[in-house]
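Colleague: Predicted coordinates and the sequence they were generated for:
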Amino acid sequence: MRQLLRHALLSSAVSTAAVLTLSAQTTAPPAKSAPAWVARSNEHTRWLLQEQAKLSPEGAAAVGVEGFDDQITMLTSDRRTRVRESLVRGEQELQRRLSAEKDLLVRQDLEILLDANRQGLRSFDLGERLLLPYINAPQAIFGSLRALLDDQVPPERRRAALVRLRKYTGAEPGFKAFTELAMERVRERLNQKELLGPFKDQVERDLSNIPVFTSGLADLFKKYGVLNKAELDSRTHIAYEKYVKQIDIEAQTMISMARTMILPAALQHQAKVAQAVSVTEAAGVKCMDTHQALGEFVNLVSRFREALSSLEKAVAHEDGDPIKHAQWIKEKVKPAMADLRSLADMIELHVESSLWPMPTYREMLFLK
């Protein structure tokens, strides 16, 4: 169920999968002998793809829509509104065209497009209601640039990959780093406890793949000669800086959540258990098990504090060389993050759900 919901959100954020499948088959220019209704049907599909490409341009060329090679998805704060408005606008326009169309074959294709667009709208609304807007930004960037840096792409179009890269990294005037925008969109909705986030293993796997994507992009730019050595070294330097910045954002977010959400909940639980022990002993009843449980939990909270302090010290490290800093993050920061997360998971098992400030694993696995 969780993976189906995740798919629903991602598919609606980029475009409707059914529409893209249909478009891949119908947007090619019709043969001279093709009936007139085919051309009209293709035009309807092309209009919808143009509408989708305005918000998610990276896949436009793959389905026959030109003019979007140098454009990227904009993860601005109003994106959710813009995506939904586009889906609603698509439904209204397709319905208008269906009402005006007399040819039964064209009407059939329009009904397919309309149904796919409606499915996209339903998927989007479902994702908005149930899921955090998590995006694997490094993979998205790699996939976008890889689509242009390919043997099948004409050399004159490959230069657009450099423009996209500058926009993704925030080096282009008027653009903010894609990774920062992705984090901002998640932070906007972190306080909504009912939303499901990604699994821990998924996030860790995504983070561990960042160097692979960075190295892969460097090889692609070198292979196709889009960048000279100086430009390539500069972009590699920027990529390491972005990696450092992204992990720093992740670590700072973890520190904030640990200090302002998890630790207060743990202390409240600790106080309630301590009160239970005190009241029981005051009544003259021995409660060795509860007393032992309290001691173990106090020790767990103490270890959590120590791990939090260790992560704060690791994050405070500064290094002018982004490559050395990235190595520090790999050896010091990420292990410290893993330790803190492990202790937080252990604390979650003890704290009653009414005190826990985030969705529990039980709540994430079983929808209420």
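Modeller: Received, thanks.
Colleague: Could you count how many residues lie near F304?
Modeller: 21 (other CB atoms under 10 Å). For the C-beta atoms, the positions are set from N, CA and C on the backbone; glycine is no exception.
Colleague: now swap in T260 and tell me
Modeller: T260 has 10 nearby residues by other CB under 10 Å.
Colleague: got the buried residues for the host helix or strand of W37?
Modeller: W37 is part of helix 36-53 when elements are defined by DSSP states H and E. Within helix 36-53, the residues that count as buried by 16 or more other CB atoms under 10 Å are 37-38, 40-42, 44-46, 48-49, 51-53.
Colleague: Counting by contacts, list what whatever helix or strand Q92 lives in packs against.
Modeller: Taking DSSP H and E as the criterion, Q92 maps to helix 79-100. Other elements packing on helix 79-100 under the criterion 3 or more CB pairs under 8 Å, 6 or more residues apart in numbering; DSSP states H and E are helix 2-14, helix 36-53, helix 104-130.
Colleague: Repeat the analysis, applying 7 Å as the threshold.
Modeller: In terms of contacts (3 or more CB pairs under 7 Å, 6 or more residues apart in numbering; DSSP states H and E), helix 79-100 is packed against helix 36-53, helix 104-130.
Colleague: quick revisit: return the member of the buried residues of helix 36-53 nearest to H237.
Modeller: Nearest to H237 among the buried residues of helix 36-53: A53, at 31.8 Å, using CB to CB.
Colleague: Quickly note the distance from the closest residue to the closest one other than its chain neighbours to G143.
Modeller: Closest residue to A53 apart from its sequence neighbours, by CB to CB, 6 or more residues apart in numbering: A60 at 3.9 Å. In this view, A60 and G143 are 13 Å apart by CB to CB, to the nearest Å.
Colleague: more crowded one of those two?
Modeller: Neighbour count, other CB under 10 Å: between A60 and G143, A60 has more, with 21 against 13.
Colleague: these two touch, right, F297 and A271?
Modeller: No: using CB atoms under 7 Å, F297 is not in contact with A271, being 10.8 Å away.
Colleague: The two - which one has more neighbours?
Modeller: Neighbour count, other CB under 10 Å: between F297 and A271, F297 has more, with 19 against 10.
Colleague: Could you pull up the contacting residues of the more buried one?
Modeller: F297 is in contact with Q270, V273, H350, counting by CB atoms under 7 Å, 6 or more residues apart in numbering.
Colleague: what helix or strand does it sit in?
Modeller: helix 288-315.
Colleague: Buried ones in that helix, by neighbour count?
Modeller: In helix 288-315, counting by 16+ other CB under 10 Å, buried: 290-291, 294, 297, 300-301, 303-304, 307-308, 310-312, 314-315.
Colleague: is it possible to export the helices and strands packed on helix 79-100 to CSV including mean pLDDT and distance to P264?
Modeller: Shown next, in CSV, are the helices and strands packed on helix 79-100 (pLDDT from 0 to 100; distance: least, CB to CB, whole Å):
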stretch, mean pLDDT, distance to P264
helix 36-53, 92, 44
helix 104-130, 94, 26
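Colleague: Let me know which of the ones you listed is the nearest to Y243.
Modeller: Nearest of the helices and strands packed on helix 79-100 (CB to CB): helix 104-130, 27.7 Å.
Colleague: Counting by contacts, list what that closest one packs against.
Modeller: helix 2-14, helix 17-26, helix 36-53, helix 79-100.
Colleague: Which secondary structure state is assigned to the most centrally placed residue in the chain?
Modeller: Among the residues of the chain, the one closest to the centroid is I135, at 0.9 Å (CA atoms, centre = their mean). Under DSSP: H, G, I helix; E, B strand; the rest coil, I135 falls in the coil class.
Colleague: Verify the contact between it and A182 for me.
Modeller: Yes: using CB under 7 Å, I135 is in contact with A182, at 4.8 Å.
Colleague: burial of G225, as a residue count?
Modeller: 10.
Colleague: now do the one 10 residues further on
Modeller: The burial metric for R235, expressed as a neighbour count using other CB under 10 Å, is 21.
Colleague: I figured it hits K222, correct?
Modeller: No: judged on CB under 7 Å, R235 makes no contact with K222 at a distance of 10.3 Å.
Colleague: Could you check the pLDDT of the nearest residue to I238 once chain neighbours are set aside?
Modeller: Leaving out its chain neighbours, the residue that sits closest to I238 by CB to CB, 6+ apart is T169, at 5.4 Å. Reported pLDDT at T169 in the predicted model: 89.
Colleague: In contact with T169, which residues?
Modeller: Counting by CB under 7 Å, 6+ apart, T169 has contacts A177, I238, K242.
Colleague: For the residues you listed, which single residue is the most surrounded?
Modeller: Most crowded among the contacts of T169, counting by other CB under 10 Å, is K242 at 23 neighbours.
Colleague: helix or strand for it, which one?
Modeller: For K242, the element it lies in under DSSP H and E is helix 229-257.
Colleague: Report all helices and strands that the following helix or strand past that helix contacts.
Modeller: The C-terminal neighbour of helix 229-257 among helices and strands, as given by DSSP H and E, is helix 263-282. Packing partners of helix 263-282 (3+ CB pairs under 7 Å, 6+ apart): helix 288-315.
Colleague: what's the angle between the helix it packs on and helix 263-282?
Modeller: With axes from the mean of the first three to the mean of the last three CA atoms, to 10 degrees defining the directions, helix 288-315 sits at 160 degrees from helix 263-282.
Colleague: what's the average pLDDT for helix 288-315?
Modeller: Per-residue scores along helix 288-315 average to 92.
Colleague: Look up how far T253 lies from N117.
Modeller: 35 Å.
Colleague: D109 too?
Modeller: 46 Å.
Colleague: for the residue of the chain most remote from its centre, helix, strand, or coil?
Modeller: What lies farthest from the middle of the chain is G284; by CA atoms, centre = their mean that is 55.3 Å. Put simply, G284 is coil when judged by three-state DSSP.
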